[in-house]
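> Predicted model, plus sequence, below.
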Amino acid sequence: MTMRRPRWIAGTAVAAVAVSVIAGCGGTSGSSSGSSDTIVLGESQELGDFSPIMGYGQQGVSPIYEGLLRPAADGDSRVPDLIPALADDAPQPVVDRVWRVPLRAGVTFSDGSAFDSADVVATYRAVRDPRVASEISTDFAPIVDVTADGPTAVTVRMNTSADPSPYLLLGIAPSEKIEAKPAAEWALNTRPVGTGPYRLDSLQPDQAVLVARDDYRGGTPQVTRIVYSYVPDDNTRAQRITADEIDGTTLPPKLAQSLDGRPGVDVVAVKSADWRGVSLPSANPFTADVQARKAMNLGVDRAAVVRDVLDGRGEPASTPIAPVYGPAYNADAQFAFDTAQAGQILDRAGWRAGPDGVRVRGTDRASFTLLYNAEDTLRRDLAVAFAASMRPLGVEVNPRGTSWDEIDTRLNSDAVLLGGGATPYSIDSQVYDPLHTRVADSSPYSNPGDFTAPGLDALLDETRQSASGAANDARYREIQTVYETAPSAVYLAFLHHTYAVRSDGWTYDAPILEPHSHGVAWGPWWNLPSWRSDTP
């Protein structure tokens, strides 16, 4: 899992999940689509970056691309199964750390070219190529190489004994579209070519239009046209769906809840491994003190954060590992809310109340700035709530909204309200980057303070190298216990992503457990080919 800036990642993986849900109103409503086979979705993130090398559809959920595997589940209460998409079967072990993946025959890209092993090899090598400078390169660090085994199979070499499946979701691009230059400059960003059920028809700064492929091997979806409308302001998107101008959008929990009961609008909440937390800088004497970090973790009421800020749409988080990970989750290694103990820890560490109530130690004050993306109202509300919870401890936290460009330059000096969980279908990816000390090519958002607990790095490395099973689940539980002794950040909550949807006359597959990236890529629209109209 890598903490990184939000980006627009549309998605609707073609899943065979049989579970359907019936929602309220929309597709045939008076929305701006004006067509029963078109849906219009309000997107909060800028449109573009349609290349898988930029992270688009990284978790196997995309209307344009497909990976070797894709996620499939009957709901959001568990980590999805990863089943074949472009692969013809599950990965097959050859020897330890080497797997063979047979490929599906008869697949074509949207430009008419044929899919084969060369495309898989080129895509995976590009994401790790330093010349390409992909933001998601570290997410594929366990893959040593992917090579062709004839045109109809590939061999995957790993640096771990773990199952490679979570790393085989990356959307595959045609080999001839791979470029030996920074991914941000690739033509695929604005002219994508994939094997998925939709193709990009037009792209403007405020609108992207996708149309269903007539030649898609799975058949043409009933939703034949998807219009993504860029509407960055939360309140404006809420107004547009109540006015029946769009068919769906993502909204902060409280704003979404305010629409509950509106005619034709359903509010849908989906569980995720998407966490929010406070990174702590190494350059500040207070946050650099491990005892201060322990005290802050004890001084925040996470249940109140979920109740008051998320309107109950979430779960408390002490680490990046959520209860959904089952036996790998350690219920005994969660920070309790205990202001008395937090105060005692600070007293013993020499942080004593100063004249203005803010604790001091020598010339250092228990004070720091907490930056958040000013366009994100949920991060703002979480930052304000965290600051309020620190005040009774004598800790001064000053929330300030700003741009990601400034945040990039201040990760060492200021705390930041960050989010993570970009690759939750691999628990290793969920945990390694945020808890391990920084490694080569780490995202700047991965453990910005570069803190660790004694023995934690070695335990994370051992767990990454090991195969899945009971022994590794025990290691993950130990990771949480060790982290609790010297936390590097203050994790607050796992979000339940909230959506407002109009879907009159349509049924669709139930949403699945979601990653950090969501928006209208996910929720009710994660698998648009599953949408079925009961209107003749």
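Yes, it's here.

> do you know how far R293 is from L435?
Distance, R293 to L435, using C-beta to C-beta, to the nearest Å: 13 Å. Heads up, the C-betas are built off the backbone N, CA and C, glycines and all.

> list residues touching both of these two?
Residues touching both R293 and L435 (C-beta atoms under 8 Å, 6 or more residues apart in numbering): S488.

> Specify which residue of the two has the higher count of neighbours.
L435 (27 against 21; other C-beta atoms under 10 Å).

> hang on, isn't the more buried one packed against P487?
No: applying C-beta atoms under 8 Å, one finds L435 not in contact with P487, separated by 9.4 Å.

> What residue spans form the domains of this structure?
Using automatic domain parsing, the domains assigned to the chain come out as 20-266+511-533, 271-495.

> can you put the ones you listed in CSV and add mean pLDDT and distance to S503?
Putting the domains of the chain into CSV (pLDDT from 0 to 100; distance: least, C-beta to C-beta, whole Å) gives the following:
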stretch, mean pLDDT, distance to S503
domain 20-266+511-533, 92, 4
domain 271-495, 96, 20
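
> closest to G505 out of the ones you listed?
Of all these, the one in closest proximity to G505, counting by C-beta to C-beta, is domain 20-266+511-533 (5.4 Å).

> could you say what helices and strands the top helix by length along the chain packs with?
Determined from DSSP state H, the single longest helix within the chain is helix 470-485. Here helix 470-485 touches helix 427-435, helix 456-465, going by 3 or more C-beta pairs under 8 Å, 6 or more residues apart in numbering; DSSP states H and E.

> Can I get the last one as PDB, trimmed to CA atoms?
Listed next in PDB are the C-alpha coordinates belonging to helix 456-465 (Å, rounded to 0.1, in the frame of the first residue of the first chain):
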ATOM      1  CA  LEU A 456       9.600  -4.000  13.100                       C
ATOM      2  CA  ASP A 457      11.500  -3.700   9.800                       C
ATOM      3  CA  ALA A 458      12.900  -7.200  10.100                       C
ATOM      4  CA  LEU A 459       9.500  -8.600  10.900                       C
ATOM      5  CA  LEU A 460       7.900  -6.900   7.900                       C
ATOM      6  CA  ASP A 461      10.700  -8.200   5.700                       C
ATOM      7  CA  GLU A 462      10.300 -11.800   6.900                       C
ATOM      8  CA  THR A 463       6.500 -11.600   6.500                       C
ATOM      9  CA  ARG A 464       6.800 -10.300   2.900                       C
ATOM     10  CA  GLN A 465       9.100 -13.200   2.000                       C
END
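
> hang on, the earlier thing: how about JSON lines for the helices and strands packed on helix 470-485, with distance to I53 added?
Putting the helices and strands packed on helix 470-485 into JSON lines (distance: least, C-beta to C-beta, whole Å) gives the following:
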{"stretch": "helix 427-435", "distance to I53": "17"}
{"stretch": "helix 456-465", "distance to I53": "23"}
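
> out of these, nearest to T481?
Taking those one by one with C-beta to C-beta, helix 456-465 is closest: 9.8 Å.

> Distance from the chain centre to that closest one, please.
Distance, stretch centre to chain centre, for helix 456-465: 23 Å (C-alpha atoms, centre = their mean, to the nearest Å).

> Return the angle between stretch directions for it and helix 470-485.
160 degrees (axes from the mean of the first three to the mean of the last three C-alpha atoms, to 10 degrees).

> which helices and strands sit right next to helix 456-465?
Going by 3+ C-beta pairs under 8 Å, 6+ apart, helix 456-465 lies up against helix 427-435, helix 470-485.

> and that helix with helix 427-435, angle?
Using the same axes, to 10 degrees: helix 456-465 against helix 427-435 is 160 degrees.

> circling back to that earlier point, just say which of the helices and strands packed on helix 456-465 is most tucked in.
Neighbour counts (mean count of other C-beta atoms under 10 Å) averaged over each of the helices and strands packed on helix 456-465 peak at helix 427-435, with a mean of 26.

> contacts for it?
1-3, 138-139, 142, 160, 162, 166, 273, 319-321, 325, 328, 420-424, 442-443, 446-447, 452, 456, 460, 463-464, 476, 479, 483, 488-489.

> Narrow those residues to just the buried residues.
The neighbour count (16 or more other C-beta atoms under 10 Å) marks 1-3, 138-139, 142, 160, 162, 166, 273, 319-321, 325, 328, 420-424, 442-443, 446-447, 452, 456, 460, 463-464, 476, 479, 483, 488-489 as buried among the contacts of helix 427-435.

> Give me the subset of those residues lying in strands.
273, 420, 489 (DSSP state E).

> Beta-bridge partners for the second one, please?
Think G420. W275 (DSSP bridges).

> re the thing from before, could you export the helices and strands packed on helix 456-465 as TSV, including distance to P84?
TSV is the format used below for the helices and strands packed on helix 456-465 (distance: least, C-beta to C-beta, whole Å):
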stretch	distance to P84
helix 427-435	21
helix 470-485	24
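
> Need the three-state assignment for the residue of the chain positioned farthest from its centre.
The centre of the chain is farthest from one residue, P355, which by C-alpha atoms, centre = their mean lies 43.4 Å away. Secondary structure assignment for P355 (DSSP: H, G, I helix; E, B strand; the rest coil): coil.

> Is L456 in contact with I479, as I believe?
Yes: the criterion here is C-beta under 8 Å, and L456 meets it with I479 at 6.9 Å.

> which non-adjacent residue is nearest V144?
In space, V144 comes closest to R157 once its chain neighbours are excluded; the distance is 4.3 Å by C-beta to C-beta, 6 or more residues apart in numbering.

> I should have written G354 there, sorry.
V360 (4.2 Å).

> Then E179?
W186 (5.1 Å).

> quick one: the one you found and I53 touch, right?
Yes: with contact defined as C-beta under 8 Å, W186 and I53 form a contacting pair (6.8 Å).

> between the two, who's got more neighbours?
I53 (28 against 22).

> did I read that right, the more buried one in a helix?
Yes: judged by three-state DSSP, I53 forms part of a helix.

> what sits against it?
With C-beta under 8 Å, 6+ apart, I53 has these contacts: 123, 126-127, 132, 134, 136, 173, 183, 186, 188.

> Roughly how far does it sit from D215?
According to C-beta to C-beta, I53 and D215 sit 25 Å apart.

> How about L169?
For L169 relative to D215 (C-beta to C-beta), the value is 24 Å.

> State the phi and psi torsions of V416.
Main-chain torsions, V416, degrees, to the nearest 10: phi -140, psi 140.

> same thing with the one 5 residues further on?
G421 adopts backbone torsions of phi 110, psi 40, taken as degrees, to the nearest 10.

> got the buried residues for stretch 49-66?
Judged by neighbour count using 16+ other C-beta under 10 Å, the buried positions of stretch 49-66 are 49-66.

> Let me see the ranges of the strands in the stretch 1-150 of the chain.
20-22, 38-43, 69-72, 81-84, 92-95, 98-102, 143-148 (DSSP state E, counting those that start in this stretch).

> before we move on, back to that, give me every residue that touches the residue nearest to E179.
W186 sits in contact with 51, 53-54, 177, 179, where contact means C-beta under 8 Å, 6+ apart.

> ok, now with 7 Å
Contact partners of W186, counting by C-beta atoms under 7 Å, 6 or more residues apart in numbering, are 51, 53, 179.

> Let me know the closest of these to D364.
I53 (44.0 Å).

> how near is that closest one to A85?
Applying C-beta to C-beta to I53 and A85 gives a distance of 18 Å.

> now G55
For G55 relative to A85 (C-beta to C-beta), the value is 18 Å.

> cool, and W506?
24 Å.

> sorry, back to before: if you count surrounding residues, which of L169 and D215 has more?
Shown here are L169 and D215; by other C-beta under 10 Å, L169 has more neighbours (25 against 9).

> could you measure that one against R352, distance?
Counting by C-beta to C-beta, the gap from L169 to R352 is 51 Å.
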